[in-house]
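>>> Would you be able to build a 3D model of this:
(one chain, ligands or ions: 1)
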Amino acid sequence: MIAIVDYGVGNLFSLRSSFAALGAEATVTADASELRRAEKIILPGVGAFGDAADKLRASGLDRPLLDEAASGKPLLGICLGMQLLFDAGFEYGEHAGLGLIPGEVRAIAEAVPPGLKIPHIGWNALKFRKPTPLFKYVKEGDCVYFVHSFAARGCDDYVTAETEYGAWLTAAVARDNVFGCQFHPEKSGSVGLDILRAFCELEGSSC
Ligand SMILES: NC(=O)CC[C@H](N)C(=O)O
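Here you go, the predicted model:
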């Protein structure tokens with residue numbers, strides 16, 4: 001079973017639909033014991049970094065999430081959920097993240113030439129940087145759907161894919177059993193489903 005963490009911030013419905021399309025059992029939950037029971041965990045999220053980090057801590061799910069990640073359970077952060085995996089985010093001030101992946105989340109505007117439309121919204125191609133089991137069914141150049149104004153920086157050792165939007169932006173990361181996608185696999189058609197399918201298949205367990 002896959003647990004989709006419900007901490008009041010998220011694209012939960014479309015994610016559950018994606019797993020249903022894959023024939024995978026996924027449950028939306030705010031219950032720490034379900035996180036412990038789950039084979040894998042999805043940390044979704046939309047909105048602002050600080051608000052989401054506060055809500056996650058207020059929900060009391062941050063500690064169980066860290067414990068499960070430390071135990072080796074596969075964890076996938078999506079969009080803002082991926083950003084929360086890092087040490088800190090700088091959206092409306094500086095906020096602490098979960099610290100599962102070294103790096104910071106900074107405004108795209110700091111990295112790209114002026115005049116580029118921000119948020120970066122739309123389909124963009126993946127450029128692979130490091131091999132990852134999550135991309136076992138997708139190929140370089142495949143397009144996925146982004147909606148973001150911030151992106152992870154200072155995490156080169158963990159970047160599995162980037163996308164070019166005025167500059168090379170972090171699109172996906174991995175550190176051992178902890179994975180992140182800045183794009184929305186659940187809104188990225190068959191390519192996104194193929195990434196979620198690969199997540200389901202991690203460590204040989206079925207969903
Ligand atoms: N789509 C979102 O919720 C965006 C998340 C984050 N605030 C960003 O702009 O990168």
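>>> What is the burial count for the residue nearest to Ala30 when sequence neighbours are not counted?
In space, and not counting its chain neighbours, Ala30 is closest to Asp6: 4.5 Å by CB to CB, 6 or more residues apart in numbering. For every residue, glycine as well, the C-beta is placed using N, CA and C. Neighbour count for Asp6, taken as other CB atoms under 10 Å: 17.
>>> again with Glu94
11.
>>> and it, what pLDDT?
Per-residue pLDDT puts Glu94 at 98.
>>> Distance check, the residue nearest to Ala30 against Arg129.
Applying CB to CB, to the nearest Å, the value for Asp6 to Arg129 is 31 Å.
>>> What of Tyr145?
Counting by CB to CB - Tyr145 and Arg129 are separated by 20 Å.
>>> any idea which helix or strand carries Ala24?
Of the helices and strands defined by DSSP states H and E, none includes Ala24.
>>> let me redo that: Leu65
Going by DSSP H and E, Leu65 is in helix 62-70.
>>> Is Ala69 in contact with Leu75, as I believe?
Yes - under the criterion of CB atoms under 8 Å, Ala69 makes contact with Leu75 at 4.9 Å.
>>> Please say which of those two ends up with more neighbours.
Leu75 (28 against 21).
>>> ok, Cys200 - how many residues close by?
Cys200 has 20 nearby residues by other CB under 10 Å.
>>> do the same with Glu162
The number of residues near Glu162, taken as other CB under 10 Å, comes to 21.
>>> Which residue, other than its chain neighbours, is closest to it?
Closest to Glu162 by CB to CB, 6+ apart is Trp168, at 4.4 Å.
>>> With Ala96 instead?
Ala96's closest residue in space is Ala88 (CB to CB, 6+ apart), at 5.8 Å.
>>> And the helices in this protein?
Using DSSP state H, the helices of the chain run over 12-21, 32-37, 49-59, 62-70, 80-83, 189-200.
>>> quick one on the thing from earlier: who touches the residue nearest to Ala30 in this structure?
Asp6 makes contact with Leu12, Val28, Thr29, Ala30, according to CB atoms under 8 Å, 6 or more residues apart in numbering.
>>> Trp168 reaches Lys127, doesn't it?
Yes - the pair Trp168 and Lys127 qualifies as a contact (CB under 8 Å) at a distance of 7.3 Å.
>>> Now do the shared contacts for these two.
Jointly contacting Trp168 and Lys127 under the rule CB under 8 Å, 6+ apart are Glu162.
>>> With Glu68 as the reference, measure out to the residue nearest to Ala30.
Distance from Asp6 to Glu68, by CB to CB: 15 Å.
>>> Tell me how many other residues surround the nearest residue to Asp176 once chain neighbours are set aside.
With sequence-adjacent residues excluded and distances taken as CB to CB, 6+ apart, Asp176 is closest to Gly72, at 7.5 Å. Around Gly72 there are 11 other residues, counting by other CB under 10 Å.
>>> Compute the number of surrounding residues for Lys139.
If you count neighbours by other CB under 10 Å, Lys139 ends up with 10.
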